[in-house]
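Undergrad: Predicted model and sequence follow; I will ask about them next.
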Protein chains: 2
Amino acid sequence: MEQNLDPSTKTLTKTLCAHLASAQFGDLPAKAVHEARRGVLDWIGCALAGSGHPTVSQLIAVLQEAGGKPQATVLGRNLKLGLLEAPLANGAMGHVLDYDDTHMGGVVLHTSSPVLAALFALAERTPVSGADLMLAYAVGFEAGVRTGRTAPGHHKGGWHLTGTLGSVAAGVAAGRLLGLDAQRLTYAMGIAATQAAGMQQNRGTMGKSFHAGKAAANGTLAALLAERGFDATQEIVEGEKGFARIYSDVAAPEALTADLGGAWLIESNGHKPYACGVVLHPLIDAVIAVRDAHAVDPAAVEEISLRVHPLVLSITGVREPSTGLQSKFSVAQSAAVALIDGTAGVAQYSDARAADPAVAALRRKVKPATDATLRRGEAHAAITAGGARYEAHIAHASGTADNPMSDAAIEAKFLANAVPVIGADRAKRASELVWALEKAIDARALIALLA
Amino acid sequence: MEQNLDPSTKTLTKTLCAHLASAQFGDLPAKAVHEARRGVLDWIGCALAGSGHPTVSQLIAVLQEAGGKPQATVLGRNLKLGLLEAPLANGAMGHVLDYDDTHMGGVVLHTSSPVLAALFALAERTPVSGADLMLAYAVGFEAGVRTGRTAPGHHKGGWHLTGTLGSVAAGVAAGRLLGLDAQRLTYAMGIAATQAAGMQQNRGTMGKSFHAGKAAANGTLAALLAERGFDATQEIVEGEKGFARIYSDVAAPEALTADLGGAWLIESNGHKPYACGVVLHPLIDAVIAVRDAHAVDPAAVEEISLRVHPLVLSITGVREPSTGLQSKFSVAQSAAVALIDGTAGVAQYSDARAADPAVAALRRKVKPATDATLRRGEAHAAITAGGARYEAHIAHASGTADNPMSDAAIEAKFLANAVPVIGADRAKRASELVWALEKAIDARALIALLA
């Protein structure tokens, strides 16, 4: 391999980074700005709701021991850690409940946990405006999702995209917040991507949310290094030994810059009404639709037949979850709690619900079948109970770009997540601030409310 | 994927970790103990020689800004950083000169920079004996090289093994030093491997040595998390979405435990007489052999014809290096300096030598050709000068397990590396301590000499 080490060379990666380094807040369409507001609010809520999770507490205990100067706020914990440690903690708490936003634009990426955890830490290093923060956030979506599109075999290959693409997204977003020029932003992307990791093998373990935190920390480190001129390849994505080829059996490097300057990818972000992997959402919608229409008695159910996208069983095929965490990877548990409770929030994925005999009895009646003709957001449920058969078909899962949560639903979800941790008053003030975040002179006003 | 989440299940990863968790210093054969001594001494020297490198200085500047409590010594810098930052700095400085040890046992892995950088930091957290340190070091080789063997397509796929396998090796070594039981060591391995990263695309940039430091930090973090019960998959290597399948187009998971309990892999470690990638060593040997036998005048050379293993050109094919770093990836530069100077040490890979007109003139006369019948440690040189033709064939490069550096050569290399940084007296005391490291009651006695 003859490395391309000449900084004057034009590469796809540099073209993308030049575009993102020169973008201004005023370039963002109104929809992008509004999705940035929704994204920040939803992520803050998810992070606060996850801030007391045992997985997060264990992680924070280690970071406190190894930890640095109190430079950056750990959300919901009345604690500051170093610039590289706070992103690790905040990224993990944002993802630990599997409740954070999901971008489905060619890849399935939970962008906000890595990106906002990185940006929040750096916003405490040097004051930045709300608009700066929102622009950097939107830049992170471009970098992460576009890189994902260059590697179409990436998810199938076994990677946890929130760890891998999350590192890239966080590094470029953080570099943008630091005001790096095109060359240094290219370096930030090269340093961030070369740390990209996270295996799906760790689904159902503490390792999964750790990936999101690690991505945030990787990205923060990459941006701080690039700021000082630490260099990297000019073509981390498209190079012969670059991301598109290493992380995927099929490479599509040209996707990195396709339609650059058109719609911003943050505009198609999605938010979760349910606290589990997004692949489960359409079938939960379908079960709830049957429940709402027919008031089915769970005790009378003979069978819950589901038709789902093939990915559903490959990702969430756990039959007998023994913990709340494992139940997030269980079609059977998700359908059972949806029918009994009519929702699938944080409470439905508790250890207690995983061990509940009534839920366990019902989940054994769930018969999922894959149907390759379905889209990812589509599912069909047929429930037989007392000799009757009830059906529902969902074309677009709630919370996706085609069937988005309303602003009111986002707000309600935020309050439900945040109020138990920071109280009603601070939650309300944080929400008001975020709905007008572009007017904030200093983003630390928001962060201070979340400590 | 039905995840295997049952801690009672027997998996290949757990079998390996159970073996490594129960191993005792007394189990190490004399050759393993001696190779541990040689490996520690050589690595310390390489790290000290690299401690003032501009790449390392930039990295340390960021770590000082973001850095933590002064918990662990940064070698050669009169500085302490946090438990996760010192390994990053020390791992990078160990690898930055491409002078550190190389294990060729089925993979090409620079084990010591990730592993010893992690172990040195943890040795300052809780006192450990020299024997404990050596055992953990040997354990790191087992974990790293064995994991590499499960993924035979790993290097060809574009990964920088010192980043990827280095994370695994460092995590398991660090976990062993902390005295983790089999289950927690399995978790440490799962957390370390899920952070494994580093792309060959960053060869010739600051990113490459960064990978080694990051691997050390990843491993340290993994062990500290596992110590507190942070969990991970039971089968990070052999799982359906585990390391062997994700990081390689061909998977050989059974290699993880093959011949477990036989020879220790540290016994076949190698050390570099030259400050560049190990693939270059046989051709440098060959050029020096011609030079030594025939006193060839570089100015009279018409052509330096080389026959080399195909990997040489794919890794080190840079024709016109413009920096010392790039010249480490240049067959042409390596052959040219070897003929002029009779060696290829740190001084030969300087920016000045890359820009030297006499070297540049000679490197343009280097004609490398690949020969798939050669082994990696083999090369042939034919030099024509003044109408005569001189040839040399090297069957086993110096510094490999088949043609190892002598203890005296390791000692001389160490002193050349260390004396300019810590002075002759401390270097001599460090060397004496390492040659009897298994007798040291507290490894901090060594680390204190290297500050």
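TA: Happy to help now that I have it.
Undergrad: Now do the helix ranked longest in chain A: distance to the chain's middle.
TA: In terms of residue count, the longest helix belonging to chain A (DSSP state H) is helix A:407-435. Chain-centre distance of helix A:407-435: 19 Å, with Cα atoms, centre = their mean, to the nearest Å.
Undergrad: what helices or strands is that helix leaning on?
TA: helix A:30-50, helix A:444-449 (3 or more Cβ pairs under 8 Å, 6 or more residues apart in numbering or on different chains; DSSP states H and E). To be clear about C-beta, it is placed using only N, CA and C from the backbone, and glycine gets the same treatment.
Undergrad: as a whole number, average confidence for the shortest one?
TA: Okay, so that is helix A:444-449. Average pLDDT, helix A:444-449: 97.
Undergrad: Same question for stretch A:109-119.
TA: 97.
Undergrad: One more: stretch A:316-331?
TA: Across stretch A:316-331, the per-residue pLDDT values average to 92.
Undergrad: Could you say which of the helices and strands packed on helix A:407-435 is packed most deeply?
TA: helix A:30-50 (a mean of 25; mean count of other Cβ atoms under 10 Å in any protein chain shown).
Undergrad: and the angle for it with helix A:407-435?
TA: 90 degrees (axes from the mean of the first three to the mean of the last three Cα atoms, to 10 degrees).
Undergrad: residue of the stretch 1-150 of chain A with the smallest distance to chain B?
TA: Closest residue of the stretch 1-150 of chain A to chain B, Cβ to the nearest Cβ: residue A:68 (3.4 Å).
Undergrad: Starting from residue A:88, give me the distance back to that residue.
TA: 11 Å (Cβ to Cβ, to the nearest Å).
Undergrad: So for the two, which sits in the more crowded spot?
TA: residue A:88 (30 against 24; other Cβ atoms under 10 Å in any protein chain shown).
Undergrad: would residue A:132 count as being in a helix?
TA: Yes. Counting by DSSP: H, G, I helix; E, B strand; the rest coil, residue A:132 falls inside a helix.
Undergrad: That one and residue A:25 touch, don't they?
TA: Yes. Judged on Cβ atoms under 8 Å, residue A:132 makes contact with residue A:25 at a distance of 7.2 Å.
Undergrad: Could you list the residues of the stretch 201-350 of chain A in contact with chain B?
TA: A:201-207, A:210-211, A:214, A:221, A:224-225, A:228-233, A:235-236, A:239-243, A:245-246, A:249, A:314-315, A:317-319, A:322, A:326, A:329 (Cβ under 8 Å from any Cβ of the partner chain).
Undergrad: Spatially, and excluding backbone neighbours, which residue is closest to residue A:148.
TA: residue A:107 (3.3 Å; Cβ to Cβ, 6 or more residues apart in numbering or on different chains).
Undergrad: Just the helices from the stretch 301-450 of chain A, written as ranges.
TA: Secondary structure of the stretch 301-450 of chain A (DSSP state H, counting those that start in this stretch): helices located at A:310-315, A:324-327, A:331-341, A:351-355, A:357-363, A:407-435, A:444-449.
Undergrad: In CSV: the ones you listed, plus distance to residue A:30.
TA: Shown next, in CSV, are the helices of the stretch 301-450 of chain A (distance: least, Cβ to Cβ, whole Å):
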stretch, distance to residue A:30
helix A:310-315, 33
helix A:324-327, 39
helix A:331-341, 35
helix A:351-355, 41
helix A:357-363, 44
helix A:407-435, 14
helix A:444-449, 21
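Undergrad: okay, these, which one's buried deepest?
TA: Mean neighbour count, computed with mean count of other Cβ under 10 Å, is highest for helix A:331-341 among the helices of the stretch 301-450 of chain A, reaching a mean of 26.
Undergrad: for the helices and strands packed on helix A:407-435, which one sits closest to residue A:367?
TA: Smallest distance to residue A:367 across those (Cβ to Cβ): 31.6 Å, for helix A:30-50.
Undergrad: Which elements pack onto the closest one?
TA: Checking 3+ Cβ pairs under 8 Å, 6+ apart, helix A:30-50 ends up next to helix A:86-95, helix A:112-123, helix A:130-149, strand A:269-270, helix A:407-435.
Undergrad: mind checking which of those is nearest residue B:117?
TA: Per Cβ to Cβ, nearest to residue B:117 of those: helix A:86-95, 19.3 Å.
Undergrad: tilt between the closest one and helix A:30-50?
TA: Using the same axes, to 10 degrees: helix A:86-95 against helix A:30-50 is 90 degrees.
Undergrad: and the helix or strand following helix A:86-95, average pLDDT?
TA: Using DSSP states H and E, the helix or strand that follows helix A:86-95 towards the C-terminus is strand A:102-103. Averaging pLDDT along strand A:102-103 yields 92.
Undergrad: Centre of the chain to strand A:102-103, how far?
TA: 6 Å.
Undergrad: who's in contact with that strand?
TA: For strand A:102-103, the external contacting residues (Cβ atoms under 8 Å, 6 or more residues apart in numbering or on different chains) are A:108-111, A:141, A:144-145, A:265, A:268-272, A:278, A:399.
Undergrad: Please repeat the previous calculation with a cut-off of 7 Å.
TA: A:108, A:109, A:110, A:111, A:141, A:145, A:265, A:268, A:269, A:270, A:272, A:278 (Cβ atoms under 7 Å, 6 or more residues apart in numbering or on different chains).
Undergrad: Now do the SS call for the residue in the stretch 201-350 of chain A positioned nearest to chain B.
TA: Here the residue of the stretch 201-350 of chain A nearest chain B is residue A:241; by Cβ to the nearest Cβ that distance is 3.7 Å. Taking three-state DSSP as the rule, one finds residue A:241 in the coil state.
Undergrad: is it true that it touches residue B:198?
TA: No. Using Cβ atoms under 7 Å as the test, residue A:241 is too far from residue B:198 to be in contact (10.6 Å).
Undergrad: So which of the two has more stuff around it?
TA: Set residue A:241 next to residue B:198 and count neighbours by other Cβ under 10 Å: residue B:198 wins out with 28 against 23.
Undergrad: rewinding a little: what's the ChimeraX syntax to select whichever of the residues of the stretch 201-350 of chain A next to chain B are buried?
TA: Buried residues within these, by 16 or more other Cβ atoms under 10 Å in any protein chain shown, are selected in ChimeraX with:
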select /A:201,202,203,204,205,206,207,210,211,214,221,224,225,230,231,232,233,235,236,239,240,241,242,243,245,246,314,315,318,326,329
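Undergrad: Centroid-nearest residue for chain A?
TA: For chain A, the residue nearest the mean C-alpha position is residue A:110 (1.8 Å; Cα atoms, centre = their mean).
Undergrad: mind listing what residue A:216 touches?
TA: Residue A:216 neighbours (Cβ under 7 Å, 6+ apart): A:87, A:88, A:90, A:91, A:113, A:114, A:117, A:118, A:170.
Undergrad: next one: residue A:422
TA: Counting by Cβ under 7 Å, 6+ apart, the residues that residue A:422 touches are A:48, A:76, A:449, A:450.
Undergrad: quick one on the thing from earlier: and the residue nearest to residue A:148, helix, strand or coil?
TA: coil.
Undergrad: since we're on it, how many residues are nearby?
TA: 21.
Undergrad: mind checking pLDDT for the residue lying farthest from the centre of chain A?
TA: In chain A, residue A:387 marks the outermost C-alpha relative to the chain mean, sitting 41.4 Å out by Cα atoms, centre = their mean. pLDDT for residue A:387: 91.
Undergrad: quick one: contacts for it?
TA: Applying Cβ under 7 Å, 6+ apart, no residues contact residue A:387.
Undergrad: Try it again at 10 Å.
TA: The neighbourhood of residue A:387, defined by Cβ atoms under 10 Å, 6 or more residues apart in numbering or on different chains, consists of A:300, A:302.
Undergrad: what's the distance between it and residue A:290?
TA: Applying Cβ to Cβ to residue A:387 and residue A:290 gives a distance of 15 Å.
Undergrad: Next: residue A:15.
TA: For residue A:15 relative to residue A:290 (Cβ to Cβ), the value is 50 Å.
Undergrad: out of these two, which sits in the busier spot?
TA: Neighbour count, other Cβ under 10 Å: between residue A:15 and residue A:290, residue A:290 has more, with 21 against 15.
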